[in-house]
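**Student:** any chance you can model this:
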Amino acid sequence: MATQTHFDIALTDAAAARVAAIAKKQGKPAILRLSVEGGGCSGFQYRFGFADAVEPDDIVAETDGVRLVVDSVSLDLVRGSHVDYVESLGGAAFRVENPNAAAGCGCGSSFSV
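**Tutor:** Residues are numbered from 1 along each chain as shown. Now for the predicted structure:
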């Protein structure tokens with residue numbers, strides 16, 4: 001397991017609180033996995049899911065006991081990002097604020113570099 005530096009990735013307090021609440025309700029560990037896949041309207045898309053464990057090549061960011069894990073391949077595309085949880089009139093979702101994204105789509109779930 002790699003050690004997270006402040007330049008790699010971060011989980012906001014709001015996102016950590018939401019992950020903790022969902023994990024408690026589902027009886028799972030408070031580990032949110034962020035990965036990047038090809039696709040979406042801009043070329044790449046973010047995928048979120050709960051993980052049962054941290055994998056050996058994961059980068060781990062921890063906020064208030066909640067872990068955000070990103071595999072080493074996806075990290076190249078999201079390095080320096082912040083994962084937040086936002087509630088708005090359009091709904092509630094985890095959002096990635098990615099400084100590497102050259103463009104994104106209106107829904108915020110896909111991007112290009």
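**Student:** surely residue 57 meets residue 72?
**Tutor:** Yes - if you go by Cβ atoms under 8 Å, residue 57 and residue 72 touch, sitting 4.6 Å apart. Yep, even glycine has a C-beta here, placed from its N, CA and C like the rest.
**Student:** and stretch 49-62, average pLDDT?
**Tutor:** For stretch 49-62, mean pLDDT rounds to 93.
**Student:** same check, this time on stretch 78-97
**Tutor:** Averaged over stretch 78-97, pLDDT sits at 89.
**Student:** stretch 23-31 now?
**Tutor:** On average, stretch 23-31 scores 95.
**Student:** in that stretch, what counts as buried?
**Tutor:** Using 16 or more other Cβ atoms under 10 Å as the test for burial, stretch 23-31 gives 23, 30-31.
**Student:** out of these, which sit inside helices?
**Tutor:** residue 23 (DSSP state H).
**Student:** turn the buried residues of stretch 23-31 into CSV, columns for distance to residue 8.
**Tutor:** Formatted as CSV, the buried residues of stretch 23-31 follow (distance: Cβ to Cβ, whole Å):
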residue, distance to residue 8
23, 22
30, 19
31, 16
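**Student:** which of the buried residues of stretch 23-31 lies closest to residue 14?
**Tutor:** Nearest to residue 14, judged by Cβ to Cβ, of the buried residues of stretch 23-31 is residue 30 at 14.2 Å.
**Student:** phi, psi of that closest one?
**Tutor:** Dihedral pair for residue 30: phi -80, psi 70, per degrees, to the nearest 10.
**Student:** roughly how far apart are it and residue 44?
**Tutor:** Distance, residue 30 to residue 44, using Cβ to Cβ, to the nearest Å: 26 Å.
**Student:** again with residue 21
**Tutor:** Residue 21 is 28 Å from residue 44, by Cβ to Cβ.
**Student:** and those two? Which one has more around it.
**Tutor:** In this view residue 21 and residue 44 are compared by other Cβ atoms under 10 Å, and residue 44 has more residues nearby, 21 against 13.
**Student:** hey, what's the more buried one bridged with?
**Tutor:** Beta-bridge pairing for residue 44 (DSSP bridges): residue 38, residue 111.
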